[in-house]
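In: fold the following and give me the result.
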Amino acid sequence: MFPLSGNPGGGTSLHRAGATTVDEGFVNHANFRVVTPGYFRTMGMTLLAGRQYTSRDGVEPPAVAIINQTLASQLWPGQDPIGRKMFSGQPSDPGSEFEVIGLVADVRETSLGEAVKPEIFIAYPQFAMQEMVLLVRTIGDPDAMAKTLQDAVLSVDPNQPIEAVQSVDAILARSVSEPRFNMILLGSFAIVALLLGMIGIYGVTSQAVSSRIHEIGVRMALGADSSSILALIVTQGLVPTAIGIVFGLAIAFAGTRLLSGMLFGVAPTDPITFVAGAGVLVLAALAGSAVPALRAARVDPTRALAAE
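Out: The predicted structure follows:
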């Protein structure tokens, strides 16, 4: 199965050599991938240790395997897995034996929204599959290469059916289409809520300024300058905002589990996100109270007192 197809493909249980119980060096389910030499270079996957497959791997014993970081950390925590051996199946009923020859960085094979799974990559001669996916790295537009690749396959076997020729970019876009729509929808609601909040702050602050014209005139007549009046009005607009932010952060922190399945590459309780969100709210409050505050700072104390 190709990456981000939404299909995890095959799976197997694995245990390290020497394990006697399921609690010792045992993984109940690891994604099982069959690959040919060049797969990791084509996909841009980072080789962390050991080596990649060659055309001779798997043709003759011993059976070899390349594993990802997650599987290595579960079978040999804190140790170098290269050269170590593992078996498929249960410790009480071991199956095929594999020697680890390579360690690759973790990637999300099934979807971006799922956690990284333990994975084992097997050389094609060791486990030939009837159906395989051909992955090709191109220079330039991959869609423009589709016809050339189809002709190359048909030149080898004219009877080979070819279906679902698509770029990895298209696969990636399709895999994130649903969470992207959800985020756009939530983001739109958030923007509307932010605008409504700014309008509300503007209305409340304007009303407060209008009802305090005499007070502002008295303050300015007694020596208060425009900057102090401006700070007074803005501060009074920010106080309820600060209270709302405190309660809002508490509610947001408590509700992070509801959104955890929609996040990728960021923790539900990411402090930068919380600080940035609070900062946006403060800026919105400043924007909402800025116009009434500027109007209050320009009040003529003579006219304000005469009107009273």
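
In: by contact count, what packs against the lengthiest helix in the chain?
Out: Looking across the chain with DSSP state H, the single longest helix is helix 177-211. Judged by 3 or more C-beta pairs under 8 Å, 6 or more residues apart in numbering; DSSP states H and E, the packing partners of helix 177-211 are helix 226-254, helix 271-297. Placement of C-beta: from N, CA and C, glycine included.

In: that helix: what's the following helix or strand?
Out: helix 213-221 (DSSP states H and E).

In: follow-up on the earlier one: between the helices and strands packed on helix 177-211, which gets nearest to V136?
Out: Ranking the helices and strands packed on helix 177-211 by proximity to V136 (C-beta to C-beta) places helix 271-297 first, at 38.0 Å.

In: could you give me the buried positions within the closest one?
Out: 274, 278, 281, 284-286, 288-290, 292-293, 295-297 (16 or more other C-beta atoms under 10 Å).

In: can you pull out the strands in the stretch 1-150 of the chain?
Out: Assigned by DSSP state E, counting those that start in this stretch, the strands in the stretch 1-150 of the chain fall at 10-16, 26-35, 47-50, 64-68, 85-90, 93-104, 119-123.

In: most neighbours per residue, which of those?
Out: Most buried of the strands of the stretch 1-150 of the chain, by mean neighbour count (mean count of other C-beta atoms under 10 Å): strand 64-68, with a mean of 25.

In: so which elements touch that strand?
Out: strand 93-104, strand 119-123.

In: any chance of JSON lines for these, columns mean pLDDT and distance to P3?
Out: Formatted as JSON lines, the entries for these read as follows, by pLDDT from 0 to 100; distance: least, C-beta to C-beta, whole Å:
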{"stretch": "strand 93-104", "mean pLDDT": "88", "distance to P3": "13"}
{"stretch": "strand 119-123", "mean pLDDT": "92", "distance to P3": "11"}
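
In: reformat those as JSON lines; add distance to L196.
Out: Below are the helices and strands packed on strand 64-68 laid out as JSON lines (distance: least, C-beta to C-beta, whole Å):
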{"stretch": "strand 93-104", "distance to L196": "49"}
{"stretch": "strand 119-123", "distance to L196": "47"}
